[in-house]
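Asks: my questions are about this predicted structure, shown below with the sequence.
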Amino acid sequence: MQYVRLGNSGLKVSRLCLGTMNMGTPKWKPWIFDEQQSGPIVRYALDKGVNFIDLADWYSFGVGEEVVGRILHRIGHREDFVIATKVGYAISDGVNASGHSRKHIMDSIDGSLRRIGTDYVDIYMLHYFDIHTPVEETMEALNDLVRLGKVRYLGVSTMYTWQLAKILHICEINGWSRPINMQLQLNCAYREEEREMIPFCMDQGLGVTVFSPLARGLLTNDVQSTRNQTDLFTTEMYNDVASKNIAHSVATVADRRGCSPAQIAQAWVLGKSEISSMLVGADNTNQFESALVALDTKLSEEEVYELERNYTPCDVINDYTSGKRIPRTPRPAQGQFQVA
């Protein structure tokens, strides 16, 4: 396993991070694994040197934290893990049960610690940018959690670059703990974060961790998988001609190499020097093994060109564009521009 410092911090994390959105209870989503099914995957990842585990209170509405927490306690020592979890989405009813208000943050960290079974989390992350709460309120609350010892480091996820800049500015002028990590979506079929967010993180000394390197399963070219058949976000995000052409290119390169499309798609992400760690949400140990092999898979210039040649710009994927995304296909002309 390869290890890197996360941004300008002293924290060292494995280049593969165990993604756990698929662990918890199938009552939440049909492709979620229960504790018995999740255990072998977690153990395999840890045996291969992974020390970075990504959680969120929203996964299985808290059950994900419970399941993974129990597994970790059975097979390892707390000090060996870098545990990250997130706050923001509602996992219960109530007018204050979501967002990044001081109240919700303080309630949520205690809930996450209780479910995971730990006194602290290594990285506490904003799951998105809450436009309804003053940034000062959010970051002061997170700074207080660091001072209380409930959180070691801060992180952020899925927002516009200007929003991250606002967060960093508020932390700087107040002397508060600043985020050390940005978690974002990046893969062959979605590269918009390469325009501003990733260069900005490099300039500001934040680590960059990547989720959805397989475009929510599209780039595995396994259209019959339970995830691809039931995850509506896959259709919303990647149901356009450009994405499908990119998936075909991934399969073509993989076929020439005699390996899986997943290995090629993951190697493309890991080949970028700006990326600190890549999340792997494996359904079995074989899938995790493909990510391990991808760590040492060097793509040629010709292969990279084939993977990237079909990419075209698209609108940013985040909470604010959910349900409003514009497919990368020509739209029909309207009004005076319609051809008779």
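Replies: The structure has been received and is ready for your questions. Numbers count the residues shown, from 1 in each chain.
Asks: beyond the worst-scoring helix or strand of the chain on mean pLDDT, next helix or strand please.
Replies: The least trusted helix or strand in the chain, going by mean pLDDT, DSSP states H and E, turns out to be helix 226-230, with a mean of 63. Once helix 226-230 ends, the next helix or strand along the chain (criterion: DSSP states H and E) is helix 232-238.
Asks: which regions of this structure sit below the pLDDT cut-off?
Replies: Along the chain, the model assigns pLDDT under 70 to residues 223-233, 330, 336-337, 340.
Asks: the strands in it, which residues?
Replies: With DSSP state E, the ranges of strands along the chain come out as 3-5, 12-14, 16-19, 52-54, 82-87, 121-126, 151-157, 181-185, 207-211, 277-280.
Asks: I'd like the ones you listed as TSV, with distance to Asp240 and mean neighbour count appended.
Replies: Just so you know, the C-beta spots here come from the backbone N, C-alpha and C atoms, and that holds for glycine as well. Formatted as TSV, these follow (distance: least, Cβ to Cβ, whole Å; neighbours: other Cβ atoms under 10 Å):
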stretch	distance to Asp240	mean neighbour count
strand 3-5	33	13
strand 12-14	33	20
strand 16-19	24	25
strand 52-54	28	27
strand 82-87	28	26
strand 121-126	29	25
strand 151-157	24	23
strand 181-185	16	24
strand 207-211	20	24
strand 277-280	23	24
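Asks: format those strands as TSV; extra columns: distance to Arg43.
Replies: Below are the strands of the chain laid out as TSV (distance: least, Cβ to Cβ, whole Å):
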stretch	distance to Arg43
strand 3-5	19
strand 12-14	15
strand 16-19	11
strand 52-54	12
strand 82-87	16
strand 121-126	20
strand 151-157	24
strand 181-185	24
strand 207-211	22
strand 277-280	14
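Asks: which one of these lies nearest to Phe61?
Replies: Taking Cβ to Cβ, strand 82-87 is the member of those nearest to Phe61, at 13.2 Å.
Asks: direction included, what does the closest one pair up with?
Replies: strand 52-54 (parallel), strand 121-126 (parallel) (DSSP bridges).
Asks: can you add distance to Ala291 and give those back as JSON lines?
Replies: Converted to JSON lines, the strands paired with strand 82-87 look like this (distance: least, Cβ to Cβ, whole Å):
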{"stretch": "strand 52-54", "distance to Ala291": "13"}
{"stretch": "strand 121-126", "distance to Ala291": "20"}
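Asks: where's the closest residue to Arg257 other than its chain neighbours relative to Asn239, distance?
Replies: Among residues not flanking Arg257 along the chain, Ile264 sits closest, at 6.8 Å (Cβ to Cβ, 6 or more residues apart in numbering). For Ile264, the distance to Asn239 equals 21 Å [Cβ to Cβ, to the nearest Å].
Asks: so for those two, which sits in the more crowded spot?
Replies: The residue with more neighbours, out of Ile264 and Asn239, is Ile264; 27 against 13, by other Cβ atoms under 10 Å.
Asks: quick check: buried residues in the longest helix seen in the chain?
Replies: With secondary structure taken from DSSP state H, the chain has its longest helix at helix 241-257. By neighbour count on 16 or more other Cβ atoms under 10 Å, the buried set for helix 241-257 is 242-243, 245-247, 249-251, 253-254.
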